[in-house]
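**Student:** what shape does this take:
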Amino acid sequence: MPPSQPNHDALQQVHEFNLLFLTHLQTRVRDDLDSCGLPDTVRLQLRRASPESIAAIAEFPRALFDLKLDERTPSAVLDPLRSPSEGAYHALGLTILLCARTLSRQSVYQARLLLGLEARAIQRLRGMQLSEVQPLAYSRRILLCAFAGRDWIWSELMSETRPEARQHLALIALQPGLRREWPARRVRLSP
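**Tutor:** Numbering: from 1, shown residues only. As a prediction, this is how the structure comes out:
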């Protein structure tokens, strides 16, 4: 039987994670900290974005972050007690990891579609013990901006408000081969 539409609760959770991630990212940009791979071309837009704009962008139907699960043991670890920013990043990473683990165990399809996870990452999350999640959340690079190398997606996310354009962007972002098959550059269509 083909997979059905994403569970409403799982989609709502992705929206909430996007809001948390974008709000955290905006704080990092405003404080001139590392922006988790956010393209330089949209930093100013994010810095100036209103809470309403951030909330609208967060309604995107796919995670705006990528979970980097490549390393077994993080090489660069953070100290959550060192600064409020590191503490917030650790808490966000831990929360997302725990929920991604649960979602991966419930539905491989939803983990792929909503979180953009590859098969290897899903398998790792599915087999991960709770005792393995906490150390992984200390990695400085566990959460990065999604759509690396595709600055145009972020530019359109930050600026495009037309419903049909936002829907088109969502359809592109939900494609499973986005990382391999979609061009890094794209000509913007005029309204």
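
**Student:** give me the beta-bridge partners of the residue nearest to the spatial centre of the chain?
**Tutor:** Taking CA atoms, centre = their mean, the centroid of the chain lies closest to residue 65, which sits 1.3 Å from it. Residue 65 has these beta-bridge partners by DSSP bridges: residue 145.

**Student:** contact partners for it?
**Tutor:** 17-18, 21, 36, 96, 143-146 (CB atoms under 8 Å, 6 or more residues apart in numbering). Glycine gets a C-beta too; all of them are placed from N, C-alpha and C.

**Student:** make it 10 Å
**Tutor:** 14, 17-18, 20-22, 24-25, 36-37, 92-93, 96, 115-116, 142-146 (CB atoms under 10 Å, 6 or more residues apart in numbering).

**Student:** and if you look at residue 56?
**Tutor:** Residue 56 is in contact with 49-50, 157, 161, 166, counting by CB under 10 Å, 6+ apart.

**Student:** ok, and the most crowded of these?
**Tutor:** The residue in the contacts of residue 56 with the most neighbours, by other CB atoms under 10 Å, is residue 157 (22 neighbours).

**Student:** just to be sure, residue 104 is in a helix?
**Tutor:** Yes. Secondary structure of residue 104 (DSSP: H, G, I helix; E, B strand; the rest coil): part of a helix.
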